[in-house]
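Chemist: using only what follows, build the 3D model:
(one chain, ligands or ions: 1)
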Amino acid sequence: MADRVVRPLAAKYDRLQEYPWEIRDALAEAGLFGTWIPKEFGGGGGGVLDLCLVVEELSRACGGVGVLFAVNALGSFPILLSGTDEQKHKYLEPIAKGEKLIAFGLSERPAGSDASGLITSAVEDGDEWVLNGSKKWTTNGGAADIYSVFAVTDPNSRSRRISAIIVEKGDPGFEIGRAEDKMGIRCVPVVELHFDGCRVPKDRLLGGRPGLGFKHAMMTLDRARPGVAAQAVGLAAGALEYATVYATQRKQFGAAISSFQMIQQMLADMASRVEAGRQLVHAAARACDAGVPQLTKMAALSKLFATDMAMQVTTDAVQIFGGYGYMKDYPIEKFMRDAKITQIYEGTNQVQRLVIARNLIKESGKLDHLSAFIPLPDHPNTLDDQARAERASPGA
Ligand SMILES: Cc1cc2nc3c(=O)[nH]c(=O)nc-3n(C[C@H](O)[C@H](O)[C@H](O)COP(=O)(O)OP(=O)(O)OC[C@H]3O[C@@H](n4cnc5c(N)ncnc54)[C@H](O)[C@@H]3O)c2cc1C
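Modeler: Residues are numbered from 1 along each chain as shown. Presented below is the predicted three-dimensional model:
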């Protein structure tokens, strides 16, 4: 499907920066939008690994289509994780059929990496929630019918400040704002959302209990980050394929450039990195599906490694195309542009490093038995002291 439907349209929608509804229709017809949704809510019953496999394949042909698809998982995970049964039936079924698209509204102008600093508010008024504020960078915004929106419901609480509320296209006081003009992933819209006294029924609060929104946003990111990593692996794999084919066809000095060892070295390094990234993504996705306790770290590891890898591999692919790689007439520069965002969204790679390091430090408690082998420099009984004692009375 990626080769037949997506690849021939990739350059067109990149140029137009328009949502490719014909691709959405084909994905819906193939039943792919239900990949990660349980069968009882109309989906295919797959997990994060299935999601990642589809995202990788789509991204191999177009990174924009990869995220156009994956962002529906990002938007629907909060419903899956915390929605009531009624909310799951109401929202997940049309998403699974591909009839409705969904978006995830967490980031705001003042709240990017520090998502907990968001200020959009939701106040109870009779049978309704009234939302005020704006969201920044909402992928799928405008195209989507359903929005998982995170808003402050208890400004005085430290741990239960934020709740997740579903907003639907057409709700009074809800408007789609400015669409961004982007470097890459240009076929999928990224917009601002505005809530100006936006009124939604009370039963739109996810799970029916306020205060759990931030926790569920973080749990969502744990499950969605392997999807970004899969997008990166697909982009890198797709760029490597183009670079390999080009290298066998382009001749210089009377020979195909693929016969030059420096090009071979680049291709070999690219291939080993792609495969390493792919295996790590699969391991992280399996960890998500198994619900292992190290989920957060695994998701961050896969996102960090695969997206940095994709930036390097797609840049090297452009290098193999030489000057032609720099031109928009060739498909390869788009891979490099599309890859860049994977290092930024769903938590920048600096943030992934923080997450990984924090988890490593937390887990180090389990490694206490190693302390016996590591004398601390300021401990009275250091190796140095022992060595000095040994010198003073040899054989003692
Ligand atoms: C195309 C696009 C699509 C997006 N889609 C969505 C979406 O659908 N839904 C959504 O909610 N959000 C979305 N985002 C938002 C995205 O997740 C944020 O852009 C990202 O989390 C970074 O926030 P920021 O842009 O405000 O950067 P900032 O947080 O301002 O960061 C700026 C720089 O500072 C670094 N930095 C920040 N804090 C630290 C720290 N503690 N230590 C070290 N370095 C730090 C960052 O790594 C970065 O390099 C999207 C963004 C883009 C660009």
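
Chemist: only C-alpha atoms from now on, for both contacts and neighbour counts.
Modeler: Fine.

Chemist: near the ligand, which residues of the stretch 201-350 of the chain?
Modeler: Remark: the part of the stretch 201-350 of the chain in contact with the ligand comprises 344, 345, 346, 347, 348, 350, using CA under 6 Å from any ligand atom.

Chemist: go again with 5 Å.
Modeler: Taking CA under 5 Å from any ligand atom as the criterion, the neighbours of the ligand within the stretch 201-350 of the chain are 345, 346, 347, 348, 350.

Chemist: ranking those residues by neighbours, who comes first?
Modeler: Counting neighbours by other CA atoms under 10 Å, residue 346 leads these with 23 neighbours.

Chemist: what residues are up against it?
Modeler: For residue 346, the residues meeting the contact criterion (CA atoms under 8 Å, 6 or more residues apart in numbering) are 221, 225, 228.

Chemist: just those: which are in helices?
Modeler: Judged by DSSP state H, the contacts of residue 346 include 221, 225, 228 as members of helices.

Chemist: which ChimeraX command selects the buried ones in the residues you listed?
Modeler: Here is the ChimeraX command that picks out the buried ones among those, judged by 16 or more other CA atoms under 10 Å:
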select :221,225,228
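
Chemist: nearest to the ligand among the ones in helices among the contacts of residue 346?
Modeler: Using CA to the nearest ligand atom, residue 221 is the member of these that lies nearest the ligand, at 10.0 Å.

Chemist: wait, the closest one sits on residue 73?
Modeler: No. Counting by CA atoms under 8 Å, residue 221 sits too far from residue 73 to count as a contact (10.3 Å).

Chemist: which one of the contacts of residue 346 sits closest to residue 15?
Modeler: The shortest distance between residue 15 and any of those, using CA to CA, involves residue 228 and amounts to 22.7 Å.

Chemist: ok, now how distant is that closest one from residue 40?
Modeler: 26 Å (CA to CA, to the nearest Å).

Chemist: same question for residue 80.
Modeler: Residue 80 sits 12 Å away from residue 40 when distances are taken as CA to CA.

Chemist: how about low-confidence regions in the chain?
Modeler: Across the chain, the stretches falling below the confidence threshold (pLDDT under 70) are 379-389, 394-396.

Chemist: walk me through the domains of it.
Modeler: Recorded structural domains for the chain (assignment: automatic domain parsing) are 2-101, 103-210, 215-364.

Chemist: just the endpoints, please. Distance across stretch 193-209?
Modeler: End-to-end distance for stretch 193-209, by CA to CA: 24 Å.

Chemist: ranges for the helices of the stretch 201-350 of the chain?
Modeler: With DSSP state H, counting those that start in this stretch, the ranges of helices along the stretch 201-350 of the chain come out as 213-249, 261-290, 295-320, 332-342, 349-363.

Chemist: could those go into a markdown table alongside distance to residue 115?
Modeler: As requested, the helices of the stretch 201-350 of the chain are exported to a markdown table (distance: least, CA to CA, whole Å):
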| stretch | distance to residue 115 |
| --- | --- |
| helix 213-249 | 9 |
| helix 261-290 | 22 |
| helix 295-320 | 16 |
| helix 332-342 | 18 |
| helix 349-363 | 11 |
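
Chemist: where does residue 187 land in three-state SS?
Modeler: Going by DSSP: H, G, I helix; E, B strand; the rest coil, the secondary structure assigned to residue 187 is coil.

Chemist: oh sorry, the question was meant for residue 197
Modeler: With three-state DSSP as the basis, the three-state label of residue 197 is strand.

Chemist: residue contacts, it?
Modeler: With contact set as CA under 8 Å, 6+ apart, residue 197 has these partners: 130, 131, 132, 172, 173.

Chemist: any idea which of those residues has the most stuff around it?
Modeler: Among the contacts of residue 197, where neighbours are counted by other CA under 10 Å, the top count belongs to residue 131, at 26 neighbours.

Chemist: so that one belongs to a strand, correct?
Modeler: Yes. For residue 131, which was evaluated using three-state DSSP, the result is membership in a strand.

Chemist: the residue found closest to residue 139 once you drop the neighbours it is linked to in the chain and residue 70: what is the separation?
Modeler: On the basis of CA to CA, 6 or more residues apart in numbering, the spatially nearest residue to residue 139 that is not a chain neighbour turns out to be residue 190, at 4.2 Å. As defined by CA to CA, residue 190 lies at a distance of 14 Å from residue 70.

Chemist: can you count the residues close to the residue nearest to residue 139?
Modeler: 23.

Chemist: so what's the backbone phi/psi at it?
Modeler: Taking degrees, to the nearest 10, you get phi -130, psi 120 for the backbone angles of residue 190.

Chemist: can you give me the distance of the spatially closest residue to residue 96 that is not a sequence neighbour to residue 285?
Modeler: Using CA to CA, 6+ apart and skipping residues adjacent in sequence, the residue nearest residue 96 is residue 34, 3.7 Å away. For residue 34, the distance to residue 285 (CA to CA) stands at 17 Å.

Chemist: contact partners for the residue nearest the centre of the chain?
Modeler: Central residue check for the chain by CA atoms, centre = their mean: the C-alpha nearest the mean position is that of residue 228, 3.1 Å away. By CA under 8 Å, 6+ apart, the contact list for residue 228 reads 67, 70, 303, 307, 342, 346.

Chemist: before we move on, what about residue 177?
Modeler: 191, 192, 193, 194.

Chemist: quick check: it is in a strand.
Modeler: Yes. Using three-state DSSP, the secondary structure at residue 177 is a strand.

Chemist: please list all residues in contact with the residue sitting furthest away from the middle of the chain.
Modeler: Distance from the centre of the chain peaks at residue 393, with 61.9 Å (CA atoms, centre = their mean). By CA under 8 Å, 6+ apart, residue 393 lies in contact with nothing.
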